[in-house]
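>>> Let me see the structure of the following:
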Amino acid sequence: MQLTKGRTPRVSRCGWLLVLGLLFSPLVQAGAPKGPADVAARLSSALAQGDTAAVRGLLAKDVLIYEAGGEERSLQEYASHHLTADIGFMSSLQRVVLSQSVYQMGDGAVVATRTRLSGEYKGNTVDSRGTETLVMRHRDEGGWKIVHIHWSSE
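The predicted structure is shown next:
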């Protein structure tokens, strides 16, 4: 900044960049998941909102998914088989978290969540309790990624 007698202070280009960076850094940081519980919430939200790009961004390429006795062994397999159906199901229902436990060990974490799903899906009334177990690994290049999902319901 230069001060000249009788004039308003001028801020250099670098000074403006610093000010803008300080103003917008919380917004950028708010976009990245902060921890395993946040990743779990974002997965649920992305499925309910039909945001396939967000779902893909949260899952590791080699994710292993167990659901209803079946398995999918990669993000590509999940995306080509059940992702669309899961979005249709979750976007039709209200999901309430009954309990959640987060266990973090170094660069690994497990998020165990009990939920209640209610609403109507394809003309059928749904009122069920579910269990979701997410296993995550923190990877420097992409933060927390889900490497395993196990969904079950009663």
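>>> Sort out which residues of the strand of greatest length in the chain are buried, please.
Of all segments of type strand in the chain, defined using DSSP state E, the longest is strand 124-139. Within strand 124-139, the residues scored as buried using 16 or more other CB atoms under 10 Å are Glu132, Thr133, Leu134, Val135, Met136, His138. For the C-beta atoms, the positions are set from N, CA and C on the backbone; glycine is no exception.
>>> just the strands in this protein please.
59-67, 70-72, 93-105, 108-121, 124-139, 143-153.
>>> Next, format the ones you listed as TSV and append distance to Leu43 and mean pLDDT.
As requested, these are exported to TSV (distance: least, CB to CB, whole Å; pLDDT from 0 to 100):
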stretch	distance to Leu43	mean pLDDT
strand 59-67	8	97
strand 70-72	15	96
strand 93-105	11	97
strand 108-121	9	98
strand 124-139	7	97
strand 143-153	7	97
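>>> hang on, the earlier thing: could I have the longest strand of the chain exported to CSV, CA atoms only?
Only the C-alpha atoms of strand 124-139 are listed here, as CSV (Å, rounded to 0.1, in the frame of the first residue of the first chain):
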residue,chain,number,x,y,z
ASN,A,124,-45.7,-48.4,-1.9
THR,A,125,-45.6,-47.0,1.6
VAL,A,126,-42.1,-47.3,3.1
ASP,A,127,-41.4,-47.2,6.8
SER,A,128,-38.2,-49.0,7.6
ARG,A,129,-35.1,-48.8,9.7
GLY,A,130,-31.7,-49.1,8.1
THR,A,131,-28.1,-49.6,8.9
GLU,A,132,-25.3,-48.0,6.9
THR,A,133,-21.7,-48.8,7.5
LEU,A,134,-19.1,-46.7,5.6
VAL,A,135,-15.4,-47.5,5.7
MET,A,136,-13.2,-44.5,4.6
ARG,A,137,-9.6,-43.9,3.9
HIS,A,138,-8.0,-40.5,3.9
ARG,A,139,-6.0,-40.0,0.7
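>>> Against which helices or strands is it packed?
helix 36-49, strand 108-121, strand 143-153 (3 or more CB pairs under 8 Å, 6 or more residues apart in numbering; DSSP states H and E).
>>> Many thanks, I have nothing further to ask.
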